[in-house]
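>>> Pasting a predicted model and its sequence here:
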Amino acid sequence: MALTYDLARAPDLSAFLRKEKDGTAHLELLVKGARCAACMSKIETAVAGLPDVTTARLNLTEGRLAVRFASSRGDASRVIATLDRLGYPATPFDPAKAAEAHDQESRRLILALAVAGFGAGNAMMFSVPVWAGLFGQELGPATRSIMLWLSAIVATPCAIYAGLPFFDSAWRSLKAGKANMDVPISVGVILTLFISFVETFLNGRDAYFDAAVSLLFLLLIGRWLDHRLRARARSAAADLLALQAPAATVLGADGLERVKPLSEVAVGERILVRPGERIPVDGFVEDGVSELDNALLTGETAPVDVRPGDTCRAGAVNLTGQLRILAIARSEDSAVAAIARLVEAGAQTKSLYVRLADRAASIYVPVIHSVAALTFLGGLAFGLGPREALLRAAALLIITCPCALGLAVPAVQITASARLFRKGVLVKSGAALERLAEVDHVVFDKTGVLTEGRPRLIEAPAQAVALAAPLARASAHPLARALAAEAGPGLRATDVVETPGQGVEGMINGRRARLGRASFVGLDGVRGGETELWFAFEGDTRVRFRFSDQLRPDAAQTIADLRALGLTVEILSGDLEGPVARAAQTLHVDQWRSGQTPQDKAAEIDALTAQGRKVLMVGDGLNDTAALAKAHAAMAPGAALDASQNAADLVFAGDALGAVADSIRVARAARHRALENFGFSALYNLGAIPLAMLGFVNPLIAALAMSGSSLVVTLNALRMHGAGRR
Amino acid sequence: MGIILILAPISVALGLAGLAAFWWTLRNGQYDDPAGDAARILMEDSDNRIS
């Protein structure tokens, strides 16, 4: 529901402008539909040609338009109107969110990666002659010493800079009394540098400067992949949020309309909500009559009538009439607040989840470190002398350093999420994929998840659709729209008057006709259901259209697929018993509950978790948000409320529910590959440890083994491209 | 022997030059919009550079 602005009553969007110190202003817009060079030049030329605009630059990759105004009173609504006229609906970004989007962390990681790459390459240049010397070619001790010193000069600063992200994380983890994967990495790198310096100083044979840097280089690749996965999901999520237009039209004391970001709406302000818009904050209806669609809030399919004096809750969609609302809560304190607390509690339990790599590390770290200590002590016991014993222990730490482990999981997860992304599924984080692979029970919400969430015509007298269509086309009511969709394009009625909450009246071919509730066409005493429309020409017979929220076409197939994957299925809905029972029966689901409040749903998830089940919650409404946050894994459709999308681990676009089964398949395949990779690493270490203990490892072998194992792990991860196919 | 002492610093300096160039492109935002940059070369009047 992108907001559209027309110039005639252009609202004031100045709250979305970021004012710079030099008196200029900056505006960021999300532009939909710009895909090619032609769009780009059209948009930039048109916007840059507006008065007061100094530059306009479109980022085609992210679909963002950055506009700079010469003065701080830039006219944002004019830019949006211009874009709209060109056919590209645009939404302003909240300045705070726009700033967040500029990703500093990613830049830091790339730079560290570049430095490590430079260090590895150039240190290697000095290492090659030394390695050649290992096979007895002529390399005098003096030349070797020069090579080692040069290697040290290049590698040490690079290793320190590139290692900072790991040292940071290791230090934080140690302060918290835990040991994550970065602890052995940091210990390994620092010890390697130290031993190599000692060896170089003592004119020794083995120095591992190149190994320390190339180790960091390989690990940074994994780190960067993991970060990219999360950053891409974050920015896509931010775009979705922007499209939900978190803005409200506020009526000032002077009667002027201003569009404000939701967070700035204060209690006591008057808000204008047009048909089709969402109620931004909790409030009283001051003026106007309309119907509200609470489907996303409570799961109820039938619209609710509101008139002055009624309260309405944030998140409901205004259907027919324009409403003026007096805000009684700020955005943060709106009806969502209670749910938000539940969400927070859920997010905390989720953060307790220990990721696969960290679980591997918790076994790996103590084992490797005690083996290294044993090597040192054993070396002393067998009379090797402290220097040789320490060298062997260090070689063991270097060669077993969890380079492959650091790459094993991110490489798999980024290929898996790229696969899902092509299918229209957005994965928020690697941990989400890991949790999804473990689920054994799926809980579905009904409205908007199993069903399409919008009514469809199921029963109508013959020919009546074509007769009523001209009136239906003139109305924005969802039932009328469903009727118009059924009839296809065609004539429109003239002289249309819409009575909010009642129906539309207009002229069709010179005859007056009405479409709406039973009472609206003059049928008093008939208890008209909420999912039907009546139509009549003046003084003629009345005909009835019945609508129903249809199940998604692939809902039954998806549930069968999930069962085939060994999962049990349950429906928890806030809707009335009748529709839920019907849906459950059609889909052959035995476990279902209707009339569930958000707290009920969350409690049910808790109960299942207490039984040891790992639950996947699929839901779209605000009433699902707490359950989404509490479940082991959560998915939400792209049409869901922003709060639900925030609480979900995966968001799927489009109408296909099949994405749920696909995602589970891919997640399981990814887990399988990740475990395989751990297997490879374990096997490799099993071979490497004895070699290091016996002193057969030299810098050349360390370098080969390290890159070799990383290569194997990466290639195995790339097999994910074909995984999860039926 | 002496040639190593000349060539080795030169090669490291070349590497550093490459690293500095990469750093510059990164700071300059040249990786922010790969799709847009690919399309921009097709535009005839593209003189609105990165500001």
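Received the coordinates, thanks.
>>> who touches stretch A:19-34?
A:2, A:16-18, A:39-40, A:43, A:54, A:58, A:60, A:63-74, A:76, A:79-80, A:83, A:87-93, A:95, A:98, A:239, A:242-243 (Cβ atoms under 8 Å, 6 or more residues apart in numbering or on different chains). Every residue, glycine included, has its C-beta placed from N, CA and C.
>>> go with 7 Å
Stretch A:19-34 has contacts (Cβ atoms under 7 Å, 6 or more residues apart in numbering or on different chains) with A:16-18, A:40, A:43, A:58, A:60, A:63-72, A:74, A:76, A:79, A:83, A:87-93, A:98, A:239, A:242-243.
>>> same question, stretch B:20-33
A:Asn59, A:Leu60, A:Thr61, A:Arg107, A:Ile110, A:Leu111, A:Ala114, B:Ile50.
>>> helix or strand for the fifth one, which one?
A:Ile110 belongs to helix A:104-134 when elements are defined using DSSP states H and E.
>>> by contact count, what packs against that helix?
Helix A:104-134 sits against helix A:141-175, helix A:209-243, helix A:699-718, helix B:2-27, with contacts defined as 3 or more Cβ pairs under 7 Å, 6 or more residues apart in numbering or on different chains; DSSP states H and E.
>>> Among these, which comes closest to A:Leu576?
helix A:209-243 (30.0 Å; Cβ to Cβ).
>>> in its sheet, what does the next helix or strand after that closest one sit against?
Counting by DSSP H and E, the next helix or strand C-terminal to helix A:209-243 is strand A:247-251. Sheet pairing for strand A:247-251, assigned by DSSP bridges, gives strand A:257-261 (antiparallel), strand A:270-273 (antiparallel).
>>> what separates strand A:247-251 from the chain centre, distance-wise?
27 Å (Cα atoms, centre = their mean, to the nearest Å).
>>> Using PDB, list the CA coordinates for it.
The C-alpha trace of strand A:247-251 is given here as PDB (Å, rounded to 0.1, in the frame of the first residue of the first chain):
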ATOM      1  CA  ALA A 247       4.000   7.400   8.000                       C
ATOM      2  CA  ALA A 248       0.800   9.100   9.200                       C
ATOM      3  CA  THR A 249      -1.100  12.100   7.800                       C
ATOM      4  CA  VAL A 250      -1.500  14.500  10.700                       C
ATOM      5  CA  LEU A 251      -3.900  17.400  10.600                       C
END
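>>> Show me what the mean pLDDT comes to for it.
What strand A:247-251 shows for mean pLDDT is 78.
>>> same deal with stretch A:427-441?
Stretch A:427-441 comes out at a mean pLDDT of 86.
>>> just to revisit the earlier point, A:Ile508 is nearest to which of the helices and strands packed on helix A:104-134?
Closest among those, using Cβ to Cβ: helix A:209-243, at 36.1 Å.
>>> Mean neighbour count and mean pLDDT for the strands paired with strand A:247-251 - can I get that in TSV?
Converted to TSV, the strands paired with strand A:247-251 look like this (neighbours: other Cβ atoms under 10 Å in any protein chain shown; pLDDT from 0 to 100):
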stretch	mean neighbour count	mean pLDDT
strand A:257-261	20	76
strand A:270-273	20	86
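>>> what about these, which gets the closest to A:Ile185?
Using Cβ to Cβ, the nearest of the strands paired with strand A:247-251 to A:Ile185 is strand A:257-261, at 42.3 Å.
>>> in the helix holding A:Ile110, what counts as buried?
A:106, A:109-127, A:129-131, A:133 (16 or more other Cβ atoms under 10 Å in any protein chain shown).
>>> And stretch A:202-217, by the same measure?
Buried residues in stretch A:202-217, defined by neighbour count with 16+ other Cβ under 10 Å: A:204, A:206-217.
>>> I'd like the average pLDDT over it.
84.
>>> now swap in stretch A:612-621 and tell me
Mean predicted confidence for stretch A:612-621 is 87.
>>> buried stuff in that stretch?
Those buried within stretch A:612-621 under the rule 16+ other Cβ under 10 Å are A:Arg613, A:Lys614, A:Val615, A:Leu616, A:Met617, A:Val618, A:Gly619, A:Asp620, A:Gly621.
>>> With stretch A:80-92 instead?
Here stretch A:80-92 shows A:Ile80, A:Ala81, A:Thr82, A:Leu83, A:Asp84, A:Leu86, A:Tyr88, A:Pro89, A:Ala90, A:Thr91, A:Pro92 as buried, counting by 16+ other Cβ under 10 Å.
>>> For the stretch 451-600 of chain A, just list every one of the helices.
A:464-473, A:478-487, A:555-564, A:577-587, A:598-610 (DSSP state H, counting those that start in this stretch).
>>> ok, residues contacting the following helix or strand past the longest one?
Counting by DSSP H and E, the element after helix A:598-610 in chain order, helix or strand, is strand A:615-618. Counting contacts by Cβ under 7 Å, 6+ apart, the residues outside strand A:615-618 that touch it are A:436, A:439, A:441-445, A:449, A:605, A:608-609, A:624, A:627-628, A:631-635, A:660.
>>> Restricted to buried residues, select these in ChimeraX.
The ChimeraX selection below is limited to those of the contacts of strand A:615-618 classed as buried (16+ other Cβ under 10 Å):
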select /A:436,439,441,442,443,444,445,449,605,608,609,624,627,628,631,632,633,634,635,660
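>>> Hmm, A:Phe652 and A:Ala659 touching each other?
Yes - at 3.8 Å, A:Ala659 and A:Phe652 qualify as touching, with contact defined as Cβ atoms under 7 Å.
>>> what's the closest residue to chain B within the stretch 51-200 of chain A sitting at in phi/psi?
As assessed by Cβ to the nearest Cβ, chain B sits closest to A:Leu60 within the stretch 51-200 of chain A, at 3.4 Å. The phi/psi pair for A:Leu60 (degrees, to the nearest 10) reads phi -70, psi -30.
>>> secondary structure class for the nearest residue to it once chain neighbours are set aside?
If you skip the residues right next to it in sequence, A:Leu60 has B:Gly36 as its closest partner in space, 3.4 Å away by Cβ to Cβ, 6 or more residues apart in numbering or on different chains. Three-state assignment for B:Gly36 (DSSP: H, G, I helix; E, B strand; the rest coil): helix.
>>> if we can go back for a sec, let's have the helices and strands packed on helix A:104-134 in JSON lines, adding distance to A:Val427.
Listed next are the helices and strands packed on helix A:104-134 as JSON lines, based on distance: least, Cβ to Cβ, whole Å:
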{"stretch": "helix A:141-175", "distance to A:Val427": "22"}
{"stretch": "helix A:209-243", "distance to A:Val427": "6"}
{"stretch": "helix A:699-718", "distance to A:Val427": "15"}
{"stretch": "helix B:2-27", "distance to A:Val427": "26"}
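>>> Which one of the ones you listed lies nearest to A:Asn509?
Comparing those under Cβ to Cβ, the one sitting nearest is helix A:209-243, at 39.8 Å.
>>> give me the number of residues near whatever residue of the stretch 451-600 of chain A ends up closest to chain B?
Per Cβ to the nearest Cβ, A:Asp554 is where the stretch 451-600 of chain A lies closest to chain B, at 31.9 Å. Using other Cβ atoms under 10 Å in any protein chain shown, the number of residues around A:Asp554 comes to 17.
>>> and what of A:Gly679?
The number of residues near A:Gly679, taken as other Cβ under 10 Å, comes to 12.
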